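[1] Predicted coordinates and the sequence they were generated for:
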Amino acid sequence: MPTVSYVAFDGTETIVTGFAGDSVMETAVRNGVPGIVAECGGSLSCATCHVFLCADSAGLFPPKLDLEDDMLDGTAVDREDNSRLSCQLKLSDDVSVHVQTPETQV
């Protein structure tokens, strides 16, 4: 089973087990992880599941598509090169994913 490590802005780490095929956002919401608001429920129509994808996890996911890239322009915290929307990061079997959540989502 995949695991996801969410590191909050204050350095607090939450590690949860997910399911292959679920997104990093769905896994956070299901487990009550702070820092992921997910207002649109994963329909790629907001930017409240913004995360910074850690370098060791970057190769686990395909590059962002144009719509995700456009949505990242609307994040509450300035986007960075490693910014992703966690609703677009689908988990695979036996992966270990590391993300950092921004100071705020709204």
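    Here it is on my side, so go on.
[2] all strands of this structure, in order?
    Taking DSSP state E as the test, the strands found in the chain are 3-7, 13-17, 50-53, 83-85, 96-100.
[3] Name every strand pairing with the fourth one and say which way it goes.
    Pointing back at strand 83-85 there. With DSSP bridges as the test, strand 83-85 is paired with strand 50-53 (antiparallel).
[4] residues in contact with the partner strand?
    6, 24, 36, 61, 72, 75-77, 79-80, 82-86, 89, 98-102, 105 (C-beta atoms under 8 Å, 6 or more residues apart in numbering). C-beta: built from backbone N, CA, C; applies to glycine.
[5] List the buried residues for it?
    For strand 50-53, the buried set under the neighbour-count rule, 16 or more other C-beta atoms under 10 Å, comprises 50, 51, 52, 53.
[6] Of those residues, which is the nearest to residue 11?
    Proximity of those to residue 11 (C-beta to C-beta) peaks at residue 52, which lies at 13.4 Å.
[7] In terms of pLDDT, where does the residue positioned nearest the centre of the chain sit?
    By C-alpha atoms, centre = their mean, the mean C-alpha position of the chain lies nearest to residue 86, the distance being 2.7 Å. On the pLDDT scale, residue 86 is placed at 98.
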